[in-house]
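Novice: 3D model of this:
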Amino acid sequence: MSSVVKAQPSADASNFAKQLVKRRNIGIMAHIDAGKTTVTERILFLSSKIHKTGEVHDGKATMDFLEEEQKRGITIQSAATSVEWKDHSINIIDTPGHVDFTAEVERSLRVLDGAVAVFDAVQGVEAQSETVWRQANRYGVPRICMINKMDRVGADYYRAIQTITDRLNARPITLQMPVGQEKDFNGVIDLVAMKMFEFNEEDTGKAFNEVPIPDSLRDEADLHRHDLCEIAAEFDEALLDLFVDDQPIPEEMLKAAIRKGTLGMEVTPIFCGSALKDKGIRFLMDAVIDYLPSPLDIPPVEGIDPKTDGPATRAADPSEPMSMMAFKTVAEITGDLTFVRVYSGILKKGVRVLNPRTRKHERIGRLVRIHANKRESVDEVGAGDIAAVLGLKNTATGDTLCDENAPILLSEIQFPDSVISMSIEPKSGQDRDKLTEVISRMMREDPTFRAQTNEETGDLVISGMGELHLEVTVNRIVNEFKCEVTTGRPKVAYKQTLRKTKEVETRYVRQSGGRGQFAVIYVRYEVGEPEDGVYEFESAIKGGNVPREYIAPVGDGIREGVLGGGPAGYPFVNVRAVLYDGKAHDVDSSEMAFRAAGVQSFREACDGNSVLLEPIMKIEVRTPEEFLGSVVGDLNSRRGEVSEVEALDDLRIVRGLVPISEMFAYTSALRGATQGRGSFAMELQEYRQVPNSVATKVLAGDV
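Specialist: Okay, here's the model as predicted:
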């Protein structure tokens, strides 16, 4: 008999339910420098959330409030805000564009309902555009696109759309036709309403006038409208009948069909504009309301009932038991600020909630709505909303918090492994405890930032997603937390795997007077596939040769060896261990003995049977044509594999794979090779076996 009883709708629940259809939870995502923070800034201004716009290049953007963001002119942390637009409430998360901070995009997309993807009209789809697009696909997030910077020299609307088709394997559907481009971009034609809007240049595009579509553009607009209706007809039979009979198609019917296709992720509506000049942002906001989902359009969130381990779901319904996910933590001196997405029920200040992972309770002390670095206290938050909680003590990123009488455990957020590391130590011994505290705090904030002590050297080693990630982190430790440190040079986060299957007999027998230690185990070690994960342990014991209570300690011991990395110290991946036989002693056997046997067993398994793996990065370099030879030659000298060179006017886009160990300080090298005109982006593609000549140097500590 189910213990979950759906509550009768209260007045509060009924009120929240009415608001759900008019709520949008969206993220702004793009490659670095495509203009997403500027888009967000203009949305805030047009919705009267702010009364003066700040520019990213001046370090004055509302959403880039960290000192490092203002200094570098890039987004490092995802920032949240909310606006009102045409009687709708919109929660917005502005995400970073640099691959080193991809975890911020990952956790944001996990809890958002829709997204706006921003593309540069000159560059089209760039390297990080592909990364965030795949993340949105993984979480099933419907999106619309804005082709930004239409007034830039070299802007090409239709070429940018074609890159979305070619590079992202998406199906763009053009809802706007630009009137002019580059310096002549001065309006758009709405292909749904078949109206032209001309921007008022004196008001830098904030104002616009509706004007008749000129005869010179009518045929092209009719052609695009025909294509639009043909695609939309796939999602509405009544519309299909009108289209086949060449009858007029009502605007609202066309919008409904496009919305259906967008929510099903079968098409992606495309819009255009110039955020810096305020052109097109109003239409983009209208599109968020018209085509992106409300919480009611999203399927019920799925999880596990901790009591039964069976499946459980929660709908976006204020009358259901409360459930939410903590998706971001900001560690503060007064306590953690935890961003949460409420999936069901109503979260109220002062209530006690359950964390199913830790099986501990938390009390909701203070609830706030977030606008960049400002906070507004609220008493309650309903299903489908995003807010933040102050003072949670035992809640980490990805944890579920729920009604203790109706528990549910939602799926965790998966974060990528770190790829580089460096040693760090305080300049003065008295700062040692402070540094430990600061690093612990930053690890709570950023799941891709890791720290551990090297057991052999005693050094504190921090790891991250790239050079910029660690550089920003160290700068924050020094400038924000006032803790002076020295660092070693960056090193690659190598991994290892077993070379081949190996069976190992391990005898752990110790006798030193009195009770001894006795454990004998037979383990078969197999090499898993790359997607298998880090470590898998299985017991195939029959007949009780190894008593049941000693099986788990064997697995724990092997896990310790796998993560410890054996003699080389680099953790192993894709290891499958099968315990198939063993021996125990009635008096001398113990859990400690079998755990120690597990550790020893793995050491014997990897002796002369390990392979070193290195991170291989997918790289995209953009360079003027005259420097193409130098760029390709340099990549080849770095053990790179160039797979494609694409022409974009006088620019050449070089794509390929290269080991990260060869890419330290590449920014300076590329700047020198291209007279400062080249740029690049890279992300982790896979781990590959290190060539023997390089592996010998790595294991000897020569690199």
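Novice: quick one, strands of the stretch 601-703 of the chain?
Specialist: Assigned by DSSP state E, counting those that start in this stretch, the strands in the stretch 601-703 of the chain fall at 610-624, 641-648, 651-659, 679-689.
Novice: And these: which comes nearest Pro318?
Specialist: Taking CB to CB, strand 679-689 is the member of the strands of the stretch 601-703 of the chain nearest to Pro318, at 39.7 Å. No exception for glycine: its C-beta is placed from N, CA and C like everyone else's.
Novice: and the next element down the chain from the helix or strand of the chain with the lowest mean pLDDT?
Specialist: When the helices and strands of the chain are scored by mean pLDDT, DSSP states H and E, helix 67-72 comes last with a mean of 59. On the C-terminal side of helix 67-72, the nearest following helix or strand under DSSP states H and E is strand 79-85.
Novice: if I read this right, Lys618 contacts Gln685, doesn't it?
Specialist: Yes - look at Lys618 against Gln685 with CB atoms under 8 Å: they come within range, at 4.1 Å.
Novice: What is the neighbour count of Val554?
Specialist: Val554 sits with 28 neighbouring residues when counted by other CB atoms under 10 Å.
Novice: can I assume it sits in a helix?
Specialist: Yes - under DSSP: H, G, I helix; E, B strand; the rest coil, Val554 falls within a helix.
Novice: if I read this right, it contacts Tyr508, doesn't it?
Specialist: No - contact criterion CB under 8 Å: Val554 and Tyr508 do not qualify, at 10.4 Å.
Novice: could you list every residue that touches Ser78?
Specialist: 27, 93-96, 104-105, 107-108, 328 (CB atoms under 8 Å, 6 or more residues apart in numbering).
Novice: could you redo these as TSV and give each row neighbour count and distance to Ile660?
Specialist: Formatted as TSV, those follow (neighbours: other CB atoms under 10 Å; distance: CB to CB, whole Å):
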residue	neighbour count	distance to Ile660
Gly27	28	28
Ile93	28	29
Asp94	30	28
Thr95	28	23
Pro96	27	19
Glu104	24	20
Val105	25	20
Arg107	26	23
Ser108	31	25
Lys328	26	27
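Novice: can you put these in a markdown table and add distance to Pro318, secondary structure and pLDDT?
Specialist: A markdown table is the format used below for the contacts of Ser78 (distance: CB to CB, whole Å; DSSP: H, G, I helix; E, B strand; the rest coil; pLDDT from 0 to 100):
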| residue | distance to Pro318 | secondary structure | pLDDT |
| --- | --- | --- | --- |
| Gly27 | 24 | strand | 91 |
| Ile93 | 22 | strand | 87 |
| Asp94 | 28 | strand | 82 |
| Thr95 | 28 | coil | 82 |
| Pro96 | 33 | coil | 77 |
| Glu104 | 29 | helix | 81 |
| Val105 | 29 | helix | 84 |
| Arg107 | 25 | helix | 85 |
| Ser108 | 24 | helix | 87 |
| Lys328 | 23 | strand | 87 |
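Novice: wait, which of these is closest to Glu234?
Specialist: Taking CB to CB as the measure, Gly27 is the one of those closest to Glu234, at 27.0 Å.
Novice: beta partners of that closest one?
Specialist: For Gly27, the beta-bridge partners are Ile93, Ala115 (DSSP bridges).
Novice: between the contacts of Ser78, which is nearest Gly672?
Specialist: The shortest separation between Gly672 and any of the contacts of Ser78 is 27.0 Å, and it belongs to Pro96 (by CB to CB).
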